[in-house]
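J.: whatever this is, show me its structure:
(one chain, ligands or ions: 1)
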Amino acid sequence: MDPLKALADAERKPYWLDSPARPEPRPRLFGHTTADLVVVGGGFSGLWTALMAKERDPSQDVVLLEGRRIGWAASGRNGGFCMATLTHGLANGLERWPDELDRLERMGVENLDEIEATLRRHDIDCSFERTGELNVATEQWQLDALYEHLDLIEELGLDYVPLDRERLRAEIDSPTYLGGLWNRSGCAMLDPARLAWGLREACVRLGVRVHERSPVRSLDDDGTTITLRTPHGSVTGRRVALGTGVFPPLLRRLKHFVVPVYDYALMTEPLSDAQLGEIGWRNRQGVGDAANQFHYYRLTDDNRILWGGYDAVYYNGGLVKPEYEQRDETFVKLAQHFYDTFPQLSDVRFSHRWGGVIDTCSRFSAFYGQAHGGRLAYAVGYTGMGVGATRFGANVMLDLLAGERTERTELRMVREKPMPFPPEPVRSGVIQFTRWSIAKADEQQGRRNLWLRTLDRMGLGFDS
Ligand SMILES: Cc1cc2nc3c(=O)[nH]c(=O)nc-3n(C[C@H](O)[C@H](O)[C@H](O)COP(=O)(O)OP(=O)(O)OC[C@H]3O[C@@H](n4cnc5c(N)ncnc54)[C@H](O)[C@@H]3O)c2cc1C
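T.: Numbering: from 1, shown residues only. Modelled structure (predicted):
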């Protein structure tokens, strides 16, 4: 089908948030209050922090402040791939922290297991399906890259299965596939908005005071406590945790390390049994292709296909703006790629199109730290892979605020910071040239130009 026609009736909003299950907002913060812990941000990062603070010590008084609505930002509009990896994939972990990779992989799987256990414990229904993820190659150089680390995968005892073309096409039938690698237990598919809303309800049940539409405008430290002010109220806390993602940070230093990158997605209408039968997909894995500009796609519980990725757009100046959430040029490209991958589905239309902003840092995985004499902790920079990893980051923040040395806080990954981005306007120039080079590498069998090779050597990069 012509992509323009297929998109004609697609709603311009995130599919997951466009749901009758979306709860009414919690009340704004009015007046002054105090708390043991104030959490800023009502995405996964803040929600996990508040929930686990209460689980660690139910007597703690915890307040969570969200500027808009719980889960409205990246957390409620993502692909819903809940990955075990804490390092934005095995290759990035190997590149940066080879000495602690076995521990990072183990802790990542534990984190995913604990997410699954939390959902059961708090009765959170977010269509969690531990299907694993299939990485697929559509060109030979991608296949070589996928199989490059098979020895290491075996050494680490990871549950990955290489699939040749026939076996892969028996799983999911696309004529574009050459082969793939199925990470069988290190990833679950879920409905991210229902996860955010479920975490909110669990927080409230445990006694967290959750305030929505309460943006924190300032933060004042008197040497013992920190006071956070919103338009109609204030809260003085002994400890503060920031889970504010890519938004203008309350801690100035963070703006050097994180840039906003826009990622876009489409949702199809539900597939009929016959349409789904054309492509198989009985094991319902999440799928990602192995290009630098990659697509990710998955089934929903009513058998729609979410189809996203490819373009990762940095708008010069690095602002976060609602108008950047729609990009027709990208939607048309994504629709065309969908039909190229699944020509059997040429009559399928799209019901939703949307974009969202990612907190990209130069090492592609979150970094952590403290400020204000240890009274404030932050975790940010998940770079498009925070659905699972934010829970790990929340645990790091709670360890740091408690002044506890744990296996987590001792990790080099936790103690080290990424390289900062240069200031604007150099930042825009560097990022746009890097994006161009990445697109070129995909066109030239993965060959990286001098610029990308230099960045690789410096441990720097750009990703979504
Ligand atoms: C299109 C898209 C697809 C993605 N797909 C995946 C995927 O499949 N798998 C995966 O692992 N990751 C994915 N991601 C990334 C993932 O969604 C994020 O890593 C994760 O949601 C980050 O959670 P967070 O809580 O840190 O940030 P956010 O969800 O951005 O939440 C931050 C919150 O802080 C609030 N806030 C900020 N400043 C203030 C303030 N001053 N006062 C009060 N509140 C404030 C904001 O309003 C916001 O609600 C995707 C992201 C996008 C955009």
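J.: show me where the stretch 301-450 of the chain has its helices.
T.: 328-341, 389-402, 412-415, 426-443, 450-458 (DSSP state H, counting those that start in this stretch).
J.: C-alpha coordinates for the longest one, PDB please?
T.: What it means is helix 426-443. Extracted as PDB, the C-alpha positions of helix 426-443 are listed here (Å, rounded to 0.1, in the frame of the first residue of the first chain):
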ATOM      1  CA  VAL A 426      29.800  22.700  18.000                       C
ATOM      2  CA  ARG A 427      27.600  20.000  19.600                       C
ATOM      3  CA  SER A 428      25.000  20.200  16.700                       C
ATOM      4  CA  GLY A 429      27.800  20.100  14.100                       C
ATOM      5  CA  VAL A 430      29.500  17.100  15.700                       C
ATOM      6  CA  ILE A 431      26.200  15.200  16.100                       C
ATOM      7  CA  GLN A 432      24.900  15.800  12.600                       C
ATOM      8  CA  PHE A 433      28.200  14.800  11.100                       C
ATOM      9  CA  THR A 434      28.200  11.600  13.200                       C
ATOM     10  CA  ARG A 435      24.600  10.800  12.100                       C
ATOM     11  CA  TRP A 436      25.600  11.300   8.500                       C
ATOM     12  CA  SER A 437      28.600   9.000   8.900                       C
ATOM     13  CA  ILE A 438      26.400   6.300  10.600                       C
ATOM     14  CA  ALA A 439      24.000   6.400   7.700                       C
ATOM     15  CA  LYS A 440      26.900   6.100   5.200                       C
ATOM     16  CA  ALA A 441      28.300   3.100   7.100                       C
ATOM     17  CA  ASP A 442      25.000   1.300   6.700                       C
ATOM     18  CA  GLU A 443      25.100   2.000   2.900                       C
END
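J.: report the angle between it and helix 450-458.
T.: With axes from the mean of the first three to the mean of the last three Cα atoms, to 10 degrees defining the directions, helix 426-443 sits at 110 degrees from helix 450-458.
J.: which parts of helix 426-443 are buried?
T.: 427-428, 430-431, 434-435, 437-438, 441-442 (16 or more other Cβ atoms under 10 Å). Using the backbone N, CA and C atoms, a C-beta is placed for each residue, glycine as well.
J.: same thing with the last one?
T.: By 16+ other Cβ under 10 Å, the buried positions in helix 450-458 come out as 452, 455.
J.: and the top helix by length along the chain, what does it pack against?
T.: In the chain, assigned by DSSP state H, the helix with the most residues is helix 101-121. The helices and strands touching helix 101-121, judged by 3 or more Cβ pairs under 8 Å, 6 or more residues apart in numbering; DSSP states H and E, are strand 81-83, helix 90-96, strand 187-189, helix 192-205, helix 389-402.
J.: wait, does it contact the ligand?
T.: No - using Cβ under 6 Å from any ligand atom, helix 101-121 stays clear of the ligand, with a minimum separation of 10.9 Å.
J.: angle of that helix against helix 389-402?
T.: Going by the same axes, to 10 degrees, helix 101-121 makes 100 degrees with helix 389-402.
J.: got the residues of the stretch 351-464 of the chain near the ligand?
T.: 356-358, 382, 384-388, 390.
J.: dump stretch 290-305 to PDB, keeping only the CA atoms.
T.: Extracted in PDB, the C-alpha atoms of stretch 290-305 (Å, rounded to 0.1, in the frame of the first residue of the first chain):
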ATOM      1  CA  ALA A 290      21.500  -5.300  13.200                       C
ATOM      2  CA  ALA A 291      22.000  -2.100  11.100                       C
ATOM      3  CA  ASN A 292      23.500   1.000  12.800                       C
ATOM      4  CA  GLN A 293      20.200   2.700  11.900                       C
ATOM      5  CA  PHE A 294      18.100  -0.100  13.300                       C
ATOM      6  CA  HIS A 295      14.400  -0.900  13.300                       C
ATOM      7  CA  TYR A 296      12.700  -2.500  16.300                       C
ATOM      8  CA  TYR A 297       9.300  -4.200  16.100                       C
ATOM      9  CA  ARG A 298       7.000  -6.400  18.200                       C
ATOM     10  CA  LEU A 299       3.500  -7.600  18.600                       C
ATOM     11  CA  THR A 300       0.900  -6.200  21.000                       C
ATOM     12  CA  ASP A 301      -1.500  -8.400  23.000                       C
ATOM     13  CA  ASP A 302      -4.200  -7.700  20.300                       C
ATOM     14  CA  ASN A 303      -1.700  -8.600  17.500                       C
ATOM     15  CA  ARG A 304      -0.900  -5.100  16.200                       C
ATOM     16  CA  ILE A 305       2.700  -4.500  15.100                       C
END
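J.: show me how far that stretch is from its chain's centre.
T.: Centroid separation for stretch 290-305 versus its chain: 14 Å, with Cα atoms, centre = their mean, to the nearest Å.
J.: now swap in stretch 23-43 and tell me
T.: Centre-to-centre, stretch 23-43 and its host chain are 23 Å apart (Cα atoms, centre = their mean).
J.: swap in stretch 417-430?
T.: 22 Å.
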